[in-house]
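A.B. asks: Any chance you could fold what I've pasted below:
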Amino acid sequence: MTHNQVRVRFAPSPTGPLHIGGVRTALYNFLFACQHNGSMILRIEDTDQNRFVEGAEDYIIDALKWCKIEFDEGIHQGGNYGPYRQSERKDIYHRHIQQLIASGKAYYAFDTPDELEIMRESLKARGETNPKYDYQVRAEMKNSLSLSGEEVEKLKAAGTPYVVRFKMSENEIVEADDIVRGKIKVNTATLDDKILLKTDGMPTYHLANIVDDYLMKISHVIRGEEWLPSLPLHYMLYEAFGWEPPKFAHLPLLLKPEGKGKLSKRDGDRLGFPVFPTQWIDPKTVEEFNGYREDGYLPEAFINIIAMLGWNPGTEQETFSMQEMIKAFNLEKVQKAGARFDPEKAKWFNHYYIQQKNNDELADSYLTILKKHGHTTSKQLAKRIVELIKERANFIHDLWNQSWFFFESPKEFDDKTIKKKWKQDTPEILKELRSLLEAVEDFTSENLQNQTHAFIEDKKLGFGKVMVPLRICLVGKAAGPDLMEMMEILGKDEILKRIDFALNNIQKEHNN
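C.D. replies: Numbering: from 1, shown residues only. Have a look, this model is predicted:
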């Protein structure tokens, strides 16, 4: 079979939520398909019934939708190569298993768990460090290679549980090509006779995967590094069926932010960052795990973060829209070495994308946040506030932390700043400034600026001596956006009220 058209697939198992490593695999497949005007397929690999988790399939689909990763074919879109759920393809796998058995490439094995354990123990006793079911032991075991045809039929008729194993060649060099890692050579003598069909009649990943990829005309298999050890077996399976294998690319591992090893949920819990794209609620424990969406990340920032984990365009550019990514992406530029996840860099990306958002869009998110805090305002004012504060926001929810004082007057004041900036003459200066502000008719930021500056110059005072205490009255601490803009938005009555409250409540410490 020649693969003219690029066809790739993302094939998750519904055994739990989608980890960011899984999202990256889906993303790289998506970018590759888009770049080559190919097709992206979603296949659900649910052959492991024991590990099936209720709700995981819907979670995976919703999370990918939030990430803006789209599919051309799959369990919802349909297509010409379905069904796209492996549990609905059992008869297809059984037909192919029979084909392998008939051609002598696979065999029935009736060994019980106890017999397998005895085999492993005796191999260990002989000094084998890695005991396995392979060409050296298969003749001693209970299978269709060591038993007569009659015995096999008898065992099957009696309903004896069996698996089907692949008959691995005894001493053959398998040469596999990998786009990321180059040529891989393995001697089959080091490989075992892997199970292809389990006792429950379900195929293992190895068989289902190969059969589906071939029948769905997959041209490129882009998947995680953990499947690299299976590559020689998969090549042998393609050969056993007489099929041409697709091209393979095994992506690097995602590493924890510090120390050694693979990034895990525990690292996220320990260092306070999510490892799932969206919130996951464990159906058994009802435990909730926040995702990037709930932590205030924008989908475009999240996608940009994970795109750069293992791929580098070879330029200085770090921020990419989805379209730019599609254009620049190249499997040859994916690195072999593991990619270290950096939570601080993730925040940097999100900050960048918040700044790129237009104020109209941000105002909509902001109005939702205000509602949660029991406030409402006009879209116009929301836009104006967002414009003033967004440069300080790393996350959407930071918009509230940077602006709550527009809606609630401060009830407490920052001690540290007061000790440093609230002098003996501060109350007097503020009272005079209050009288001046009360008399101002045109309460616009421009006019307020002119009036306050004139007051400061006239009194021969330093700016800090007036502006910091005024800010403390309005915000409770020396923080917040442009003071004059803030005063115009708050309005005269509110400003005067806050100055009065501060003068009555701040400890008048005389730090001369």
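A.B. asks: I'd like to know which elements the helix or strand of the chain with the lowest mean pLDDT is packed against.
C.D. replies: Least confident element among the helices and strands of the chain, by mean pLDDT, DSSP states H and E: helix 265-271 (a mean of 85). Using 3 or more Cβ pairs under 8 Å, 6 or more residues apart in numbering; DSSP states H and E, no helix or strand is in contact with helix 265-271. The way it works is simple: take the backbone N, C-alpha and C, and place the C-beta from them, glycine included.
A.B. asks: Show me which positions of that helix end up buried.
C.D. replies: Buried residues in helix 265-271, counted by 16 or more other Cβ atoms under 10 Å: 267-268.
A.B. asks: Tell me the strands beside the helix or strand following that helix, with direction?
C.D. replies: Following helix 265-271 in sequence order, the next helix or strand is strand 280-281 (DSSP states H and E). Next to strand 280-281 in the sheet, as set by DSSP bridges, lie strand 288-289 (antiparallel).
A.B. asks: any idea of the mean pLDDT for the partner strand?
C.D. replies: Per-residue pLDDT over strand 288-289 has a mean of 92.
A.B. asks: what sits up against the least confident helix or strand of the chain?
C.D. replies: Residues from elsewhere that reach helix 265-271 (Cβ atoms under 8 Å, 6 or more residues apart in numbering): 19, 256-257, 274-276, 289, 341, 343.
A.B. asks: buried subset of those?
C.D. replies: 19, 256-257, 274-276, 289, 341.
A.B. asks: Now distance to E150 too, for these, in TSV please.
C.D. replies: Below are the buried ones among the contacts of helix 265-271 laid out as TSV (distance: Cβ to Cβ, whole Å):
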residue	distance to E150
H19	49
K256	56
P257	61
P274	59
V275	54
F276	54
F289	55
F341	58
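A.B. asks: Now for those residues: which two are most distant?
C.D. replies: The distance between the two most remote of the buried ones among the contacts of helix 265-271 (Cβ to Cβ) is 17.8 Å, for P257 and F289.
A.B. asks: hang on, I184 packs against D178?
C.D. replies: Yes: between I184 and D178 there is a contact at 5.9 Å, judged by Cβ atoms under 8 Å.
A.B. asks: Give me the common contacts of these two.
C.D. replies: 228, 231.
A.B. asks: what's the longest helix in this protein?
C.D. replies: Among the segments of the chain that qualify as a helix by DSSP state H, the longest is helix 20-35.
A.B. asks: So what's the gap between that helix and the chain middle?
C.D. replies: Offset of helix 20-35 from its chain centre (Cα atoms, centre = their mean, to the nearest Å): 11 Å.
A.B. asks: what does stretch 327-336 give?
C.D. replies: Worked out by Cα atoms, centre = their mean, stretch 327-336 lies 19 Å from the chain centre.
A.B. asks: about what we covered before: state the pair within the contacts of helix 265-271 that is farthest apart.
C.D. replies: Greatest spatial distance among the contacts of helix 265-271 (Cβ to Cβ): P257 and F289, at 17.8 Å.
A.B. asks: Now do the domain split for this structure, please.
C.D. replies: Domain assignment for the chain, taken from automatic domain parsing, gives 1-73+252-356, 91-197, 357-403, 409-512.
A.B. asks: could I get the ones you listed as JSON lines with distance to A240?
C.D. replies: Output for the domains of the chain, formatted as JSON lines (distance: least, Cβ to Cβ, whole Å):
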{"stretch": "domain 1-73+252-356", "distance to A240": "15"}
{"stretch": "domain 91-197", "distance to A240": "4"}
{"stretch": "domain 357-403", "distance to A240": "52"}
{"stretch": "domain 409-512", "distance to A240": "68"}
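A.B. asks: Let me know which of those domains is tucked in deepest.
C.D. replies: With neighbours taken as mean count of other Cβ atoms under 10 Å, the domains of the chain reach their highest mean count in domain 1-73+252-356, at a mean of 18.
A.B. asks: and it, how far from the chain's centre?
C.D. replies: Distance, centroid of domain 1-73+252-356 to centroid of chain: 4 Å (Cα atoms, centre = their mean).
A.B. asks: about what we covered before: restricting to C-alpha, output the least confident helix or strand of the chain in PDB.
C.D. replies: Presented in PDB, the C-alpha positions along helix 265-271 are these (Å, rounded to 0.1, in the frame of the first residue of the first chain):
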ATOM      1  CA  LYS A 265       0.300  14.400  38.500                       C
ATOM      2  CA  ARG A 266       2.200  14.400  41.700                       C
ATOM      3  CA  ASP A 267       4.700  17.000  40.400                       C
ATOM      4  CA  GLY A 268       1.700  19.200  39.600                       C
ATOM      5  CA  ASP A 269       0.200  18.800  43.000                       C
ATOM      6  CA  ARG A 270       3.600  19.400  44.700                       C
ATOM      7  CA  LEU A 271       4.500  22.500  42.600                       C
END
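A.B. asks: let's have the chain start at 19 instead
C.D. replies: Happy to do that; since the first residue is 19 now, the last one works out to helix 283-289.
A.B. asks: Please export the C-alpha coordinates of stretch 44-61 as CSV.
C.D. replies: Extracted in CSV, the C-alpha atoms of stretch 44-61 (Å, rounded to 0.1, in the frame of the first residue of the first chain):
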residue,chain,number,x,y,z
ALA,A,44,-2.7,15.1,19.5
LEU,A,45,-1.4,18.5,18.7
TYR,A,46,1.6,17.3,16.7
ASN,A,47,-0.6,14.9,14.8
PHE,A,48,-3.1,17.8,14.1
LEU,A,49,-0.3,20.2,13.0
PHE,A,50,1.2,17.6,10.7
ALA,A,51,-2.2,16.7,9.1
CYS,A,52,-3.1,20.4,8.6
GLN,A,53,0.3,21.2,7.1
HIS,A,54,0.0,18.4,4.5
ASN,A,55,-3.8,18.9,3.8
GLY,A,56,-4.2,15.5,5.3
SER,A,57,-6.8,13.9,7.6
MET,A,58,-6.8,13.7,11.4
ILE,A,59,-8.7,10.8,12.9
LEU,A,60,-9.9,10.2,16.5
ARG,A,61,-9.9,6.6,17.4
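A.B. asks: I'd like to know the average pLDDT value across that stretch.
C.D. replies: Here the average pLDDT along stretch 44-61 is 97.
A.B. asks: Stretch 93-108 too?
C.D. replies: Across stretch 93-108, the per-residue pLDDT values average to 94.
A.B. asks: Name the residues that touch it?
C.D. replies: So stretch 93-108 is contacted by 59-65, 67, 75, 79, 89-92, 219-221, 226, 229-230, 233-235 (Cβ under 8 Å, 6+ apart).
A.B. asks: What strand or helix carries R113?
C.D. replies: helix 108-120.
A.B. asks: Determine how far that helix lies from the middle of the whole chain.
C.D. replies: 37 Å.
A.B. asks: And L60, its phi and psi?
C.D. replies: Dihedral angles phi and psi of L60 (degrees, to the nearest 10) take the values phi -110, psi 120.
A.B. asks: I'd guessed it sits against F28; true?
C.D. replies: Yes: between L60 and F28 a contact is recorded at 5.7 Å, counting by Cβ under 8 Å.
A.B. asks: Pull up the overlap in contacts between the two.
C.D. replies: With Cβ under 8 Å, 6+ apart, L60 and F28 have common neighbours 82, 89.
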